[in-house]
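Student: I need the structure of the sequence given here:
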Amino acid sequence: MAIDVLLDGKAVPVDEAVFRTLLDNSVAGTYKGYEKALDSHRIKFADLVWLADKGDIPYSLFFAPFALVQEQVKKKTEKLLAGLSKDTFSLGSRSKVELRDVELIVKDLIRKQQLIRKHDESLQRNKIVGVLRDDGTSIEADAARLMAAIGLSHEAVRACKSKEKALDLMIDRLEASQVLVSRSVQHYMPQRLTHVKFSGMTIRDNKVPFIFLAGGDHGDDQEPDGRTLFTLALMTVLVARRIFAPMTWDGGSAETDPGREYDIAGAMLMPRERFEAIGPRSPDDMRIASDEFKVTPSAVAVRAMRLGTISAETATGYLAQLREEFRSLPKGGPRNRILPENAVRKYNGKELSLRMLHALDNQSISPGEFCRAVCLNHLKPSQIDDLRRALG
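Tutor: Below is the predicted model:
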């Protein structure tokens, strides 16, 4: 079968296998123009070039032999996966992330890792990567080791006035340990995430590993800040255990064994001794405890089940009740428009932005290159000072 490429009234056939292979392995495979071409077996040359541009594909490859295309795609994938496992790390979730769903974000964050390594000679070997080893230690001991490594105490987390402040605190401690944290900001990333549900990903580097926190609706009906804090703790565990992959997890499930990583994250935020002293048993207890530990009531319920203070059957009932209560809450109105400098700060993370501004001040990088490589051209050179102010 062939796809006819229409140009000046003439049809030039392209091998459908080539067409599918190139676009299925890029973000362009999510666009309607791709599906339309497969249905009709024809596409205008201008539309083909547009899809190629969106997928970062040299359009001449569409006219190349299939064997060459396979080899090019293989090389691209191997290079891309140098910092990311192809397999999704899933906890209690059946969701799987395809590479093309996140490929442009992965490429951008890996490029930023390379950029900061090139321009910042002060970087040290990262002390968080691999700090947790399979040496037979207990869950609580691993949690304590990791908390100490990032310089974060349970008391400091619980002292935060809100779950949002607790999230900010953990991000600050991670970035002070050279673990960069990027957060999803629609329209300011190189790729849309509206069609994919996942929690985030960890990207390998022995100096500046990246944690990317996906935003949006995760489908488990939990308030976002508490859920995101637990997600961040969980991905910190992955970095500490040298697991670098896209991650999905169902934060409201009691049906599957989430595994050691989940329990370590639970112990980081809800230490056993304090948790058992509080002894949450009812849904109301879970809500009160969630405010103390800065997580969701559902996370408290699962932690209680994992520690054996409530049964799996009871936890399942509580989780269903908590989900229904969350669904019934009035949803907020339209969000205020985020300023470009705040969006760039959130997506890049504060630490990377500050270090690259230092490189700019040292004339190691030009203003134009800073705006292109660091800000993805969402800021102009005249707006760099706006970013400085946003960073505080």
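Student: pLDDT weak spots in the stretch 101-250 of the chain?
Tutor: The stretch 101-250 of the chain contains residues with pLDDT under 70 at 195, 216-222.
Student: those strands in it, which residues are they?
Tutor: Remark: strands assigned in the stretch 101-250 of the chain by DSSP state E, counting those that start in this stretch are 180-183, 200-203, 210-213, 246-249.
Student: Assign the nearest residue to residue 318 once chain neighbours are set aside to one of the three secondary structure states.
Tutor: Closest residue in space to residue 318, ignoring its immediate chain neighbours: residue 301 at 4.7 Å, by Cβ to Cβ, 6 or more residues apart in numbering. (Each C-beta comes from the backbone N, C-alpha and C, glycine too.) Following DSSP: H, G, I helix; E, B strand; the rest coil, residue 301 is assigned to helix.
Student: circling back: so which of the strands of the stretch 101-250 of the chain is nearest residue 288?
Tutor: Evaluated with Cβ to Cβ, the strands of the stretch 101-250 of the chain place strand 246-249 nearest to residue 288, the distance being 24.1 Å.
Student: how many neighbours does the closest residue to residue 109 other than its chain neighbours have?
Tutor: The shortest distance from residue 109 to any non-neighbouring residue, by Cβ to Cβ, 6+ apart, is to residue 210 (4.8 Å). For residue 210, the tally of surrounding residues (other Cβ atoms under 10 Å) stands at 28.
Student: quick one, what contacts residue 25?
Tutor: 73, 76, 77, 99, 100 (Cβ atoms under 8 Å, 6 or more residues apart in numbering).
Student: how does it look with 7 Å?
Tutor: 73, 77, 100 (Cβ atoms under 7 Å, 6 or more residues apart in numbering).
Student: how far away is the last one from residue 76?
Tutor: When Cβ to Cβ, to the nearest Å is the yardstick, residue 100 and residue 76 sit 11 Å from each other.
Student: that older thread, got a markdown table for the strands of the stretch 101-250 of the chain, with distance to residue 288 too?
Tutor: Below are these laid out as a markdown table (distance: least, Cβ to Cβ, whole Å):
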| stretch | distance to residue 288 |
| --- | --- |
| strand 180-183 | 28 |
| strand 200-203 | 28 |
| strand 210-213 | 26 |
| strand 246-249 | 24 |
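Student: quick one, helices of the stretch 1-150 of the chain?
Tutor: 16-24, 32-40, 45-54, 66-80, 99-119, 139-150 (DSSP state H, counting those that start in this stretch).
Student: Adding mean neighbour count and distance to residue 317, write those helices out as CSV.
Tutor: Below are the helices of the stretch 1-150 of the chain laid out as CSV (neighbours: other Cβ atoms under 10 Å; distance: least, Cβ to Cβ, whole Å):
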stretch, mean neighbour count, distance to residue 317
helix 16-24, 19, 42
helix 32-40, 14, 42
helix 45-54, 17, 47
helix 66-80, 13, 43
helix 99-119, 19, 34
helix 139-150, 18, 25
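Student: Nearest to residue 4, out of the ones you listed?
Tutor: helix 32-40 (8.8 Å).
Student: Can you name every helix or strand that that closest one contacts?
Tutor: Here helix 32-40 touches helix 45-54, going by 3 or more Cβ pairs under 7 Å, 6 or more residues apart in numbering; DSSP states H and E.
Student: Now do the helix it packs on: everything it contacts.
Tutor: In contact with helix 45-54 (Cβ under 7 Å, 6+ apart) are residues 5, 6, 7, 23, 27, 28, 31, 33, 34, 59, 62.
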